[in-house]
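1. here's my sequence, what's the structure:
(one chain, ligands or ions: 1)
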Amino acid sequence: MSIADNLRFFQNELHGTPARLVVVTKTHPVERLREAYEAGARLFGENKVQEMVAKQPELPADVEWHLIGHLQTNKVKYVAPFVHTIQSIDSLRLLLEIDKQAARHSRVVRGLLQFHVAREETKSGLSLADAEELLGSEAFRNARHVQLTGIMGIATNTDDAAQVQREFRELRGIFEKLKARYFADEPAFRELSMGMSADYRLALAEGSTLIRVGSAIFGARNYGKVD
Ligand SMILES: *Cc1c(COP(=O)(O)O)cnc(C)c1O
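-> Have a look, this model is predicted:
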């Protein structure tokens, strides 16, 4: 199956749902990104700043770049000139740095709050209490150059579909709570980013609006080591 075939498959999977596809391009060379672009892909997800910064100038300007990996505050400045959405906001400190760097480029960068719902200790993200503290803060209210458009989460990597489904439901519950409490008048707060190659169907059934798919489009990644 070619990249174009795989993208067509996902277009069909998403047909009749409100969800869009973020093509996760991490570890893949620019030629394969171009192939995906030619086949119609426009939302690209990378998890490392350095890699995204290297690839961005090699692709047309209408690509929406989504940062989906953990972001250190000292690296925000490298993506601020072009990044469309930072899906991995996990602290007020990071959000304020995005605000500051986006302001320097007279931009508004979109962001998703990342939540921790998986069993694994390693998956970073906020709790609901953390998020409420962030959203209630004056510093957040004064941030004009970052616009929160929703939330993101990663489910436990397990064959236990019931567990994954519970976690996606939890994310949806968090999204709805925050929407009602803090963003009721903001239609732009509408993204529920959840679902990857192995679990996107469960995520769509629970109301995902952004699925992040890499290996089901490009094949397995070669990291040179176990991911
Ligand atoms: C790598 C990655 C994905 C895509 O994973 P696949 O299993 O290849 O589809 C999605 N989300 C995040 C945060 C990732 O790091």
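2. flag every buried residue along the longest helix belonging to the chain.
-> Counting residues, the longest helix in the chain under DSSP state H turns out to be helix 161-182. Of the residues in helix 161-182, 164-165, 167-168, 170-172, 174-175, 178-179, 182 count as buried by neighbour count, 16 or more other CB atoms under 10 Å. From N, CA and C alone the C-beta is placed, and that goes for glycine too.
3. quick one: end-to-end distance for stretch 67-81.
-> Taking CA to CA, to the nearest Å, stretch 67-81 runs 13 Å from one end to the other.
4. identify the residues contacting it?
-> Stretch 67-81 is contacted from outside by 22, 24, 26, 45-50, 52-53, 65, 83, 85-90, 93-94, 97-98, 101-102, 104-105, 107, 109, 124, 152, 212, using CB atoms under 8 Å, 6 or more residues apart in numbering.
5. of these, which are in range of the ligand?
-> Checking those against the ligand by CB under 6 Å from any ligand atom, the ones in range are 24, 26, 47, 212.
6. which residue packs closest to the last one, ignoring adjacent ones?
-> Using CB to CB, 6 or more residues apart in numbering and skipping the chain neighbours, the partner closest in space to residue 212 is residue 22 (4.6 Å).
7. what parts of the protein come near the ligand?
-> Going by CB under 6 Å from any ligand atom, the residues of the chain near the ligand are 24, 26, 47, 68-69, 154, 196-198, 212-216.
8. give the helix, strand or coil label for residue 115.
-> strand (DSSP: H, G, I helix; E, B strand; the rest coil).
9. likewise for the one 4 residues further on?
-> Following three-state DSSP, the label given to residue 119 is coil.
10. these two touch, right, it and residue 154?
-> No. Using CB atoms under 8 Å, residue 119 is not in contact with residue 154; the gap is 11.0 Å.
11. more crowded one of these two?
-> More neighbours surround residue 154 than the other of residue 119 and residue 154, with 25 against 13 (other CB atoms under 10 Å).
12. so for that one, what's the nearest residue that isn't a sequence neighbour?
-> Excluding its sequence neighbours, the residue lying closest to residue 154 (CB to CB, 6+ apart) is residue 123, at 5.2 Å.
13. cool, residue 140 as well?
-> Counting by CB to CB, 6+ apart, residue 134 is the residue found nearest to residue 140 once chain neighbours are left out, at 5.7 Å.
14. check which helix or strand covers residue 21.
-> Using DSSP states H and E, residue 21 sits in strand 20-24.
15. report the rounded mean pLDDT for that strand.
-> Throughout strand 20-24, pLDDT has a mean value of 98.
16. now it, how far from the centre of its chain.
-> Here the centre of strand 20-24 is set off from its chain's centre by 9 Å, with CA atoms, centre = their mean, to the nearest Å.
17. what about the residue sitting nearest the centre point of the chain, helix or strand, and which?
-> Nearest to the mean C-alpha position of the chain, counting by CA atoms, centre = their mean, stands residue 87 at 3.7 Å. For residue 87, the host element (DSSP H and E) is strand 85-89.
18. circling back to that earlier point, does the residue nearest to residue 212 touch residue 45 like I think?
-> Yes. With contacts counted by CB under 8 Å, residue 22 reaches residue 45, the gap being 4.4 Å.
19. which residues touch the residue nearest to residue 38 when sequence neighbours are not counted?
-> Closest residue to residue 38 apart from its sequence neighbours, by CB to CB, 6+ apart: residue 4 at 7.7 Å. Residue 4 is in contact with 35, 38-39, counting by CB under 8 Å, 6+ apart.
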